[in-house]
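[1] sequence first, then the predicted structure, then my questions.
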Amino acid sequence: GAGVSQSPSNKVTEKGKDVELRCDPISGHTALYWYRQRLGQGLEFLIYFQGNSAPDKSGLPSDRFSAERTGESVSTLTIQRTQQEDSAVYLCASSRYGTGRGRATNEKLFFGSGTQLSVL
Amino acid sequence: AQSVTQPDIHITVSEGASLELRCNYSYGATPYLFWYVQSPGQGLQLLLKYFSGDTLVQGIKGFEAEFKRSQSSFNLRKPSVHWSDAAEYFCIAFTSGTYKYIFGTGTRLKVLA
């Protein structure tokens, strides 16, 4: 597609429910990132996918959080047993190279418009 | 540890005044550096980036940034701020060795009429 697409744009859920957030990266982008932005705070790295390599999950805050990506396509971020502190905007970003191997001058993150998650 | 610091959480300037947003990075090597802007209700947009070469880079919307290796800084500047510049600004570092983008905590700019 023309840009990074995220769905849903807004999600309201009850505490304890599971939610699934979706990200469609730009076609051909090998790298995909998930970030979380709590109200009034900066961006918090969650997870990174690069092609078929094992993802970097070092930013996931707890085992309630998981993410998948098949190849270089869609990614889903799943939050199980949601808690109120999970309320945030979840941003997805993709980039063509990710590792900047010899093509760093073209390196750039493209962001989706985010999913606003509200846990009641 | 690799980090990006934006010391000013909030900045308020009058319309027409000059602006400088500070950014310092902590890396073993010179990272690639970016400034992104997040306007209210909108997604993140790239303002400018530095990879190598000329240390003064020009971006969109009249912004510029200067890379200073000796100070590990990449401050964003604009000579005359417009009301539409009110937004949150993020300084970001990226190294090809680690592939991670490290975000600063952001600076929220308020512009007074």
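    That came in fine, so what should we check first? Numbers count the residues shown, from 1 in each chain, chains lettered A, B, ... in the order given.
[2] from the chain's centre, how far out does stretch A:6-16 sit?
    What separates the centre of stretch A:6-16 from the centre of its chain is 14 Å, taken as CA atoms, centre = their mean, to the nearest Å.
[3] no wait, stretch B:95-108
    Taking mean C-alpha positions (CA atoms, centre = their mean), stretch B:95-108 and its chain are 11 Å apart.
[4] and if you look at stretch A:75-92?
    9 Å.
[5] flag every residue of chain B that's near chain A.
    With CB under 8 Å from any CB of the partner chain as the criterion, chain B meets chain A at residues B:32, B:34, B:36, B:42-44, B:46, B:49, B:51, B:90, B:92, B:94-96, B:99-106. In short, each C-beta sits where N, CA and C put it, glycine included.
[6] mind checking which of these are buried?
    Neighbour counting by 16 or more other CB atoms under 10 Å in any protein chain shown classes B:32, B:34, B:36, B:43-44, B:46, B:49, B:51, B:90, B:92, B:94-96, B:99-106 among these as buried.
[7] out of those residues, which sit inside strands?
    B:32, B:34, B:36, B:44, B:46, B:49, B:90, B:92, B:94, B:101-103 (DSSP state E).
[8] identify each buried residue in stretch A:32-52, please.
    Result for stretch A:32-52 [16+ other CB under 10 Å]: buried residues A:32-37, A:42-50.
[9] ok, which pair from those is furthest apart?
    Farthest-apart pair in the buried residues of stretch A:32-52 is A:Gly42 and A:Gln50; separation 22.9 Å (CB to CB).
[10] is chain B contacted by the worst-scoring helix or strand of chain A on mean pLDDT?
    When each helix and strand of chain A is scored by mean pLDDT, DSSP states H and E, strand A:43-50 comes last, with a mean of 89. Yes - using CB under 8 Å from any CB, strand A:43-50 comes into contact with chain B via A:43, A:45, A:48, A:50.
[11] out of these, the closest to A:Ala88 would be?
    Using CB to CB, the residues of strand A:43-50 next to chain B come closest to A:Ala88 at A:Leu43, 10.1 Å.
[12] for that closest one, list each beta-bridge partner.
    As for beta bridges, A:Leu43 partners with A:Gln37 under DSSP bridges.
[13] which residues touch it?
    A:35-37, A:91, B:90, B:103, B:106 (CB atoms under 8 Å, 6 or more residues apart in numbering or on different chains).
[14] so which of those residues comes closest to A:Arg22?
    A:Leu91 (12.8 Å).
[15] quick one: contacts of the helix or strand harbouring the closest one?
    Under the criterion of DSSP states H and E, A:Leu91 resides in strand A:88-95. Contact partners of strand A:88-95, identified using CB under 8 Å, 6+ apart, comprise A:4, A:6, A:21, A:23, A:25-26, A:29-39, A:43, A:46, A:75, A:77, A:107-112, A:114-117, B:44, B:101.
[16] now that strand - C-alpha only, PDB.
    The C-alpha coordinates for strand A:88-95 follow below in PDB (Å, rounded to 0.1, in the frame of the first residue of the first chain):
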ATOM      1  CA  ALA A  88      -1.900   3.800  25.100                       C
ATOM      2  CA  VAL A  89      -1.400   4.500  21.400                       C
ATOM      3  CA  TYR A  90       0.300   1.600  19.700                       C
ATOM      4  CA  LEU A  91       2.300   2.700  16.700                       C
ATOM      5  CA  CYS A  92       3.700   0.500  14.000                       C
ATOM      6  CA  ALA A  93       6.500   1.600  11.700                       C
ATOM      7  CA  SER A  94       8.300   0.000   8.800                       C
ATOM      8  CA  SER A  95      11.500   0.700   6.900                       C
END
